[in-house]
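S.K.: Sequence below, structure please.
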Amino acid sequence: MSRIAILLADGFETIEALAPADVLRRGGQDVSLVSINDAPHVTTAHKIGIDCDATLGDYDFASCDLVVLPGGMPGTTNLLANERVCELAREFMASKKLGAICAAPSILAELGLLEGRVATCYPGFEGAFPAGVRPEALGVYTDGNLVTASGPAFAVDFGLELLALLAGDEAAERVADGMLETDKAE
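M.R.: Predicted structure coming up:
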């Protein structure tokens, strides 16, 4: 079982955090919703209140295998403005696993972490992406230890790809089959 921290800032896109959390938990992974606020409560871009499992200051990242950055606005801006989040993005890109969806891959581009990689984002957030990094087609892309997705429509597939990265294709296929996602189950 892998340990996953999904980092939540006020203004995150609800489905981009909760759908992957659900998929990963169905796959038997240890998932924590981690608030970057001093308190464990965050509010989504759609004004839904979420009580997290931990805060950035009290979560043990040393034993964490994967950090996930959901998009949404101003959630992405809030994540980028937090130096600890930026440190974690650098650390997990260098030596562990990292996932980012929608606007959040732009954080990785802003930090100079996408050179020579394949990554996607929500259209309009690729401004800092190096040339040739972003494929034309929208979707979910895995490049080594990095999984990125284009937006909220891909949130379940993003979660399944994260699960495949951590526990293998068969684990992801079992979860997809149980969710009746025929594309992944075939």
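
S.K.: ok, and what's touching the helix or strand containing Leu88?
M.R.: Assigned by DSSP states H and E, Leu88 belongs to helix 83-95. Contacting residues not belonging to helix 83-95 are listed as 7, 9, 36, 56, 61, 66-67, 69, 79-80, 98, 107-108, 111, 113, 145-146 [Cβ atoms under 8 Å, 6 or more residues apart in numbering]. From N, CA and C alone the C-beta is placed, and that goes for glycine too.

S.K.: Mind checking which of these land in strands?
M.R.: If you go by DSSP state E, the contacts of helix 83-95 have Leu7, Leu66, Val67, Leu69, Leu98, Leu146 in strands.

S.K.: Compare the residues you listed and tell me which is most surrounded.
M.R.: Most neighbours among those, by other Cβ atoms under 10 Å: Leu69, with 31 neighbours.

S.K.: What part of the chain, helix or strand, is modelled with the least confidence?
M.R.: Sorted by mean pLDDT, DSSP states H and E, the helices and strands of the chain end with helix 182-185, the least confident at a mean of 54.

S.K.: you'd agree Asp22 is up against Leu162?
M.R.: No. Between Asp22 and Leu162 no contact is recorded; they are 11.6 Å apart, counting by Cβ atoms under 8 Å.

S.K.: These two: which has the busier surroundings?
M.R.: Neighbour count, other Cβ under 10 Å: between Asp22 and Leu162, Leu162 has more, with 30 against 17.

S.K.: OK, contacts around the more buried one?
M.R.: Contacts of Leu162 by Cβ under 8 Å, 6+ apart are Ile4, Pro20, Val23, Leu24, Leu66, Val68, Gly99, Val147.

S.K.: No further questions, thank you.
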